[in-house]
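>>> what would the 3D arrangement of this be:
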Amino acid sequence: MSLAGSSAPRRCNLAAIVSLLLLIALCISWELWLAPLRPGGSWLVLKALPLLAPLFGILHGRRYTHQWASLLIQLYLLEGLTRATTDSGAMQSLAVLEVALALVFFFAAVCYARTTAPSRLKAGD
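Predicted coordinates:
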């Protein structure tokens, strides 16, 4: 698929890549060092594993991966919203950051999927 001359899909994909990588880093650092549930870290760090599943497809600009990853990311949005409203202190701040990154990823993935739709690519010819 050639997206030459089209900057909207590139910007959307870049935003998806950056927000996904930052969300993975946040999940790992949150549960191991920044504000773990237990001192020394917790098994909740494993919540970062599902985010690795779409990483390869997002890095390579695969439309289908953007589509299903936009559904997966909603779990992180819900977790962030729940913890932002129930936790306090550092955990609450990290949860708000998780919500922000999940929202950026969601909108970027949807944007990429829409701007690379076969019907839109044919219309541009």
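>>> use CA for all of it now, contacts and neighbours both
OK.
>>> residue ranges with poor pLDDT in this protein?
Low-confidence segments of the chain (pLDDT under 70): 1-5, 121-125.
>>> so which residues of it form strands?
Taking DSSP state E as the criterion, the chain contains no strands.
>>> longest helix of it?
For the chain, the helix with the greatest residue count under DSSP state H is helix 90-115.
>>> report the buried residues of it.
Using 16 or more other CA atoms under 10 Å as the test for burial, helix 90-115 gives 91-92, 94-106, 108-115.
>>> ok, now stretch 18-35?
19-24, 26-28, 30-32, 35.
>>> what lies in contact with it?
By CA atoms under 8 Å, 6 or more residues apart in numbering, the residues outside stretch 18-35 that reach it are 36-37, 40-48, 51-52, 55, 90-91, 94, 98, 101-102, 104-105.
>>> distance from the chain centre to it, please.
Relative to its chain's centre, stretch 18-35 lies at 11 Å (CA atoms, centre = their mean, to the nearest Å).
>>> dump that stretch to PDB, keeping only the CA atoms.
Output in PDB follows, covering the C-alpha atoms of stretch 18-35 (Å, rounded to 0.1, in the frame of the first residue of the first chain):
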ATOM      1  CA  VAL A  18       4.300   7.100  20.000                       C
ATOM      2  CA  SER A  19       1.200   6.800  22.200                       C
ATOM      3  CA  LEU A  20       1.400   3.000  22.200                       C
ATOM      4  CA  LEU A  21       5.100   2.900  23.100                       C
ATOM      5  CA  LEU A  22       4.600   5.500  25.800                       C
ATOM      6  CA  LEU A  23       1.600   3.500  27.200                       C
ATOM      7  CA  ILE A  24       3.700   0.300  27.300                       C
ATOM      8  CA  ALA A  25       6.500   2.200  29.100                       C
ATOM      9  CA  LEU A  26       4.000   3.700  31.500                       C
ATOM     10  CA  CYS A  27       2.400   0.400  32.400                       C
ATOM     11  CA  ILE A  28       5.800  -1.200  33.100                       C
ATOM     12  CA  SER A  29       7.300   1.700  35.000                       C
ATOM     13  CA  TRP A  30       4.000   2.300  37.000                       C
ATOM     14  CA  GLU A  31       3.700  -1.200  38.300                       C
ATOM     15  CA  LEU A  32       7.500  -1.800  38.900                       C
ATOM     16  CA  TRP A  33       8.800   1.500  40.200                       C
ATOM     17  CA  LEU A  34       6.600   4.600  40.100                       C
ATOM     18  CA  ALA A  35       3.600   3.500  42.200                       C
END
